[in-house]
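A.B. asks: Mind folding the following:
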Amino acid sequence: MKTALWVAHVTVTDNDSYAKYAALATGAIADHGGVFLARGGAYETLEGPVRPRNVVARFPSMQAAHDCYYSDAYQEALGHAKGAAQRELSIIEEL
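C.D. replies: All right, here's what the predicted structure looks like:
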């Protein structure tokens with residue numbers, strides 16, 4: 001089974017609310033086998049909008065990544081991110 005990546009590009013506009021999201025999302029991601037590979041470190045934007053927070057998490061499968069996003073725990077976390085950030089999030093199957 002191929003693993004999958006969550007790739008997120010984020011501009012945080014409300015640090016307090018986004019911190020609540022991040023704390024709750026961490027547990028939801030771990031509960032679905034997700035492991036962070038990059039989370040808010042140094043970056044260089046070569047194309048597209050600049051998003052100063054970039055996150056990559058690996059999941060055991062596309063299904064696990066999908067299930068995590070739609071889980072009750074992650075949706076609860078996501079409630080804190082809405083209105084607190086501009087985000088793009090994709091699930092990408094690894095080779």
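
A.B. asks: residue ranges of the strands in the chain, please?
C.D. replies: In the chain, the strands defined using DSSP state E lie at 4-12, 35-39, 53-59, 85-93.

A.B. asks: which helix of this protein spans the most residues?
C.D. replies: Assignment by DSSP state H gives helix 15-31 as the longest helix of the chain.

A.B. asks: That one packs against which elements?
C.D. replies: helix 62-70, helix 72-81 (3 or more Cβ pairs under 8 Å, 6 or more residues apart in numbering; DSSP states H and E). No exception for glycine: its C-beta is placed from N, CA and C like everyone else's.

A.B. asks: What are the buried residues along the first one?
C.D. replies: Read it as helix 62-70. Of all the residues in helix 62-70, those buried under the rule 16 or more other Cβ atoms under 10 Å are 62, 64-65, 68-69.

A.B. asks: where's Q86 relative to R53, distance?
C.D. replies: 10 Å (Cβ to Cβ, to the nearest Å).

A.B. asks: Between the two, point out the one with more neighbours.
C.D. replies: The neighbour comparison of Q86 against R53 (other Cβ atoms under 10 Å) goes to R53, with 17 against 12.

A.B. asks: Just list the residues touching that one, thanks.
C.D. replies: Taking Cβ atoms under 8 Å, 6 or more residues apart in numbering, we find R53 in contact with 8-12, 40, 85.

A.B. asks: give me the beta-bridge partners of the residue nearest to it when sequence neighbours are not counted?
C.D. replies: Take R53 and drop its neighbours on the chain: the residue closest to it by Cβ to Cβ, 6 or more residues apart in numbering is V10, 4.0 Å away. Assessed by DSSP bridges, V10 has beta-bridge partners R53, R87.
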